[in-house]
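K.L.:
Dropping a prediction and its sequence here:
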Amino acid sequence: MIRAAFAFCLTLCTPQWADAACRQALALGLDVSGSVDAREYRLQLGGLANALNDPRVRQALLTLPGHTIDLLVYEWSGLEDQAVILPWTTLSDADVLDDTIARLHSTQRRQTSPGTALGAAMQLGAQYLAERPDCQKHTLDISGDGISNFGPRPRDLRVGLAADPPGLTINGLVIGVDDPAADDSQQAAIGTLAAYYRAEVMLGPNAFVQTALGFEDYGRAMAEKLLRELDGTAFSQLAHPTRTDQ
């Protein structure tokens with residue numbers, strides 16, 4: 001029954017990217033500021049790699065040959081302290097995806113400044129996405145565990161970012177406290193940070209903020225976020241009808 005429904009949708013559905021070789025450009029910005037220690041850095045990189053290797057995510061990425069996802073990953077911290085760790089890569093087949101996952105697992109941490117220049121990270125992500133004008137959809141993901149404390153305020157940039165590339169969507173992945181012994185104020189901080197991201201960062205069509213309960217939970221949260229934002233999600237849901245979004 002599921003297989004028949006999948007074939008029916010492939011035949012009759014006419015998504016907006018039907019004529020686009022690149023159906024979506026996806027830029028992922030990872031917070032590597034001073035609040036992220038060496039262990040948390042590895043959990044973040046490993047969590048992203050594991051999320052990309054999740055069978056549901058793999059299907060969403062690769063289910064439509066000829067209508068690919070272009071992926072770029074960069075790290076951000078201080079005002080002028082960002083670096084691309086995965087340049088634009090067209091995820092054309094399983095081998096390319098496997099190479100991408102291996103590259104993320106092998107990435108070593110570089111020295112970074114302690115600041116959290118979230119607005120600058122948003123600007124940079126939008127600039128990267130503008131390099132992919134032929135992609136039908138442009139999505140920027142910003143992961144972070146704190147509010148901006150250097151550079152332009154995110155709220156002051158949102159109107160300008162909405163225009164270039166046109167239709168830009170910015171989603172957030174908020175990383176909160178994972179210590180069961182944390183006091184009430186610490187536990188409440190994740191809700192406060194998520195509200196900040198919704199008010200200051202989230203932008204564009206179908207934008208949302210995903211929450212990770214600490215860096216240990218990052219891979220799970222990233223997988224769920226990717227499933228929500230990839231255009232292949234509808235087909236993934238056909239194959240996995242019991243999955244629920246967070």
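P.N.:
Now that the structure is in, tell me what you want to look at.
K.L.:
List the contacts of residue 199.
P.N.:
With contacts taken as Cβ atoms under 8 Å, 6 or more residues apart in numbering, residue 199 has the following neighbours: residue 155. Heads up, the C-betas are built off the backbone N, CA and C, glycines and all.
K.L.:
Residue 149 and residue 116 touch, don't they?
P.N.:
Yes - with contact taken as Cβ atoms under 8 Å, residue 149 and residue 116 are classed as touching, separated by 5.0 Å.
K.L.:
Output stretch 143-152 as PDB, nothing but the C-alphas.
P.N.:
Included here for stretch 143-152 are C-alpha records, laid out as PDB according to Å, rounded to 0.1, in the frame of the first residue of the first chain:
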ATOM      1  CA  SER A 143      22.500  26.100  15.600                       C
ATOM      2  CA  GLY A 144      23.400  27.900  18.800                       C
ATOM      3  CA  ASP A 145      23.500  27.700  22.600                       C
ATOM      4  CA  GLY A 146      23.300  31.400  23.400                       C
ATOM      5  CA  ILE A 147      22.100  34.800  22.300                       C
ATOM      6  CA  SER A 148      24.100  37.200  20.100                       C
ATOM      7  CA  ASN A 149      26.600  39.400  22.000                       C
ATOM      8  CA  PHE A 150      28.800  40.800  19.200                       C
ATOM      9  CA  GLY A 151      28.100  42.600  15.900                       C
ATOM     10  CA  PRO A 152      24.800  43.500  14.300                       C
END
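K.L.:
Measure how far that stretch is from the centre of its chain, please.
P.N.:
Taking the mean C-alpha point of stretch 143-152 and that of its whole chain, the gap between them comes to 16 Å (Cα atoms, centre = their mean, to the nearest Å).
K.L.:
and for it, what are the contacting residues?
P.N.:
28-31, 33, 35-36, 44, 78-79, 115-120, 123, 154, 172-176, 193, 196-197, 200, 218, 222.
K.L.:
In helices, which of the residues you listed fall?
P.N.:
Taking DSSP state H as the definition of helices, the contacts of stretch 143-152 contribute 44, 118-120, 123, 154, 193, 196-197, 200, 218, 222.
K.L.:
Of those residues, which pair is most distant in space?
P.N.:
Largest separation among the ones in helices among the contacts of stretch 143-152 by Cβ to Cβ: 123 and 218, giving 23.8 Å.
K.L.:
More neighbours: those two, which one.
P.N.:
The neighbour comparison of residue 123 against residue 218 (other Cβ atoms under 10 Å) goes to residue 218, with 26 against 18.
K.L.:
Pull out the buried residues from stretch 205-224.
P.N.:
Going by neighbour count (16 or more other Cβ atoms under 10 Å), the buried part of stretch 205-224 is 207-215, 217-224.
K.L.:
Looking at residue 149 and residue 116, which one has more neighbours?
P.N.:
Each of residue 149 and residue 116 has its neighbours counted (other Cβ under 10 Å); residue 116 has more, 25 against 12.
K.L.:
In contact with the more buried one, which residues?
P.N.:
Contact criterion Cβ under 8 Å, 6+ apart gives 31, 33, 35, 77-78, 144, 146-150 as the residues in contact with residue 116.
K.L.:
which among these end up buried?
P.N.:
Among the contacts of residue 116, those classed as buried by neighbour count (16+ other Cβ under 10 Å) are 31, 33, 77-78, 144, 146, 148, 150.
K.L.:
if we can go back for a sec, quick check, nearest of the ones in helices among the contacts of stretch 143-152 to residue 132?
P.N.:
Using Cβ to Cβ, residue 123 comes nearest to residue 132 of these, at 16.2 Å.
K.L.:
List the contacts of that closest one.
P.N.:
With contacts defined as Cβ under 8 Å, 6+ apart, the neighbours of residue 123 are 152, 157, 161.
K.L.:
are any of those residues buried, and which?
P.N.:
Neighbour-count burial within those applies to 157, 161; the criterion is 16+ other Cβ under 10 Å.
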